[in-house]
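Colleague: fold the stuff below for me.
(one chain, ligands or ions: 1)
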Amino acid sequence: MDYENKLVLAPMVRVGTLPLRLLAAQYGADITYGEEIIDHKFVKCERRVNEHIGSTDFVEKGAESVVFRTCNQERNQVVFQLGTSNAVRALTAAQIVCKDVAAIDINMGCPRSFSISGGMGAALLTKPELIHDILTTLRRNLVTPVTCKIRLLKSSQDTVELARRIEKTGVSALAVHGRRVADRPRDPAKWSEIADIVAALSIPVIANGDVFEYDDFQHIKDATGASSVMVARGALWNASIFSPEGKVPWDDVKREYIRKSILWDNDIKSTKHTLKEMIMHYSSLELPEGKAVIKSECLADLAQLYGEDKYYQIVNAKRFLVN
Ligand SMILES: Cc1cc2nc3c(=O)[nH]c(=O)nc-3n(C[C@H](O)[C@H](O)[C@H](O)COP(=O)(O)O)c2cc1C
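Modeller: Sure thing, here's the model as predicted:
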């Protein structure tokens, strides 16, 4: 996997499922991260080829719920992000999925209390020994590239020191979200502190934070010296941010998202959540569209709402014929 000069869809929990990843790729994303999946949950999953949909599913045994769905089309660009606090468990989880993805990433930036209390996400930032243990265990036992994603520490010097230690584990790249753990999303990302890391490392650094327009890709590259850029909210609000031809109207993007959700039989909760996030940015969930999304119970309801009912019927009729 080449990490130089790439446009990257960031990991986003409940959002970064197959339809959004494929949509971002269609508009020009080179690398697409899946949502963070916790190792405890993933070690209970088994790989199943889903002939019905044409996907590869990782299904939680017993619960029979799809925890991660991917397909051949994204094999060379999808990154599987793990939440972990333990090297052996991380390896067990990674071994289940590593042949079906382009890379394995460890989340070391999540500030949510669920992650921190479990010793995962940003909790790892204060445990360099554990970071070393997790990353070297994965590196030694996997052929698949291994990366991690961090936030900034209290001082730029501390972050650079940690980044140097991470580089020594042999990871293929380091993604840096230019905020500290306590920062809110509205606080500006500190591009200058990402620049300090880029200057100190030889491996590719993926710069992340506050990219909302296509031109921002160049702005953050110029400011940080990083050759690759990762975007989260900008892509959630309009996945065509990756397109050099300019953004596609968001109504069209939403419809394309619905079509992909239908085609890949995306989980209704994730589909609704993603649509709500999109809508909230541009208007209000109190308006008729938002209310209808909240009320919808299945993909057929959403297909009807967005005028894609014919597409829904065709996809399902074809599936019925094939099976
Ligand atoms: C809805 C949402 C879900 C997120 N989930 C994850 C996640 O699963 N793993 C992770 O490392 N970061 C997660 N993040 C953080 C983003 O990947 C990114 O680092 C952050 O939003 C800054 O990028 P931005 O300024 O482009 O939004 C999430 C962000 C958002 C908005």
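Colleague: just want to check the distance between residue 1 and residue 155.
Modeller: According to CB to CB, to the nearest Å, residue 1 and residue 155 sit 31 Å apart. For the C-beta atoms, the positions are set from N, CA and C on the backbone; glycine is no exception.
Colleague: more neighbours: which of those two?
Modeller: residue 1 (15 against 12; other CB atoms under 10 Å).
Colleague: which residues touch the more buried one?
Modeller: 31, 76, 102-103, 145, 172 (CB atoms under 8 Å, 6 or more residues apart in numbering).
Colleague: among those, name the buried ones.
Modeller: 31, 102-103, 145, 172 (16 or more other CB atoms under 10 Å).
Colleague: could you dump these to JSON lines with pLDDT and secondary structure?
Modeller: Converted to JSON lines, these look like this (pLDDT from 0 to 100; DSSP: H, G, I helix; E, B strand; the rest coil):
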{"residue": "31", "pLDDT": "98", "secondary structure": "strand"}
{"residue": "102", "pLDDT": "98", "secondary structure": "coil"}
{"residue": "103", "pLDDT": "98", "secondary structure": "strand"}
{"residue": "145", "pLDDT": "98", "secondary structure": "coil"}
{"residue": "172", "pLDDT": "98", "secondary structure": "coil"}
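Colleague: dump the residues you listed into JSON lines; add distance to the ligand as well.
Modeller: As requested, the buried ones among the contacts of residue 1 are exported to JSON lines (distance: CB to the nearest ligand atom, whole Å):
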{"residue": "31", "distance to the ligand": "13"}
{"residue": "102", "distance to the ligand": "17"}
{"residue": "103", "distance to the ligand": "14"}
{"residue": "145", "distance to the ligand": "17"}
{"residue": "172", "distance to the ligand": "17"}
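Colleague: quick check: end-to-end length of stretch 109-121?
Modeller: Using CA to CA, to the nearest Å, one end of stretch 109-121 lies 5 Å from the other.
Colleague: centre of the chain to it, how far?
Modeller: 17 Å (CA atoms, centre = their mean, to the nearest Å).
Colleague: what does stretch 172-192 give?
Modeller: 16 Å.
Colleague: for it, how far is the first residue from the last?
Modeller: First-to-last residue span, stretch 172-192, CA to CA: 22 Å.
Colleague: and residue 36, what are its phi and psi?
Modeller: Torsion angles at residue 36 (phi, psi; degrees, to the nearest 10) stand at phi -60, psi 130.
Colleague: about what we covered before: need the buried ones among the contacts of residue 1 in a markdown table (columns: distance to residue 178).
Modeller: Output for those, formatted as a markdown table (distance: CB to CB, whole Å):
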| residue | distance to residue 178 |
| --- | --- |
| 31 | 18 |
| 102 | 24 |
| 103 | 21 |
| 145 | 23 |
| 172 | 20 |
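Colleague: outside of the host helix or strand of residue 262, which residues touch it?
Modeller: According to DSSP states H and E, residue 262 maps onto helix 250-263. With CB under 8 Å, 6+ apart as the test, helix 250-263 has contacts from 18-20, 22-23, 26, 237-240, 266, 271, 274-275, 278, 282, 299, 302-303, 306-308, 311-312, 315.
Colleague: filter those to the buried ones?
Modeller: 18-20, 22-23, 237-240, 266, 271, 274-275, 278, 299, 302-303, 306, 308, 311-312, 315.
Colleague: how about the CA coordinates for the helix or strand just after the helix holding residue 262, as PDB?
Modeller: Where DSSP H and E defines the elements, the next helix or strand beyond helix 250-263 is helix 268-282. C-alpha atoms of helix 268-282 as PDB (Å, rounded to 0.1, in the frame of the first residue of the first chain):
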ATOM      1  CA  ILE A 268     -30.700   0.600   8.400                       C
ATOM      2  CA  LYS A 269     -29.400   2.100  11.700                       C
ATOM      3  CA  SER A 270     -26.100   3.100  10.100                       C
ATOM      4  CA  THR A 271     -27.900   4.400   6.900                       C
ATOM      5  CA  LYS A 272     -30.300   6.500   9.000                       C
ATOM      6  CA  HIS A 273     -27.500   7.900  11.200                       C
ATOM      7  CA  THR A 274     -25.400   8.900   8.200                       C
ATOM      8  CA  LEU A 275     -28.400  10.600   6.500                       C
ATOM      9  CA  LYS A 276     -29.300  12.400   9.700                       C
ATOM     10  CA  GLU A 277     -25.700  13.700  10.000                       C
ATOM     11  CA  MET A 278     -25.800  14.900   6.400                       C
ATOM     12  CA  ILE A 279     -29.200  16.600   6.900                       C
ATOM     13  CA  MET A 280     -28.300  18.300  10.200                       C
ATOM     14  CA  HIS A 281     -25.400  20.000   8.500                       C
ATOM     15  CA  TYR A 282     -27.500  21.700   5.800                       C
END
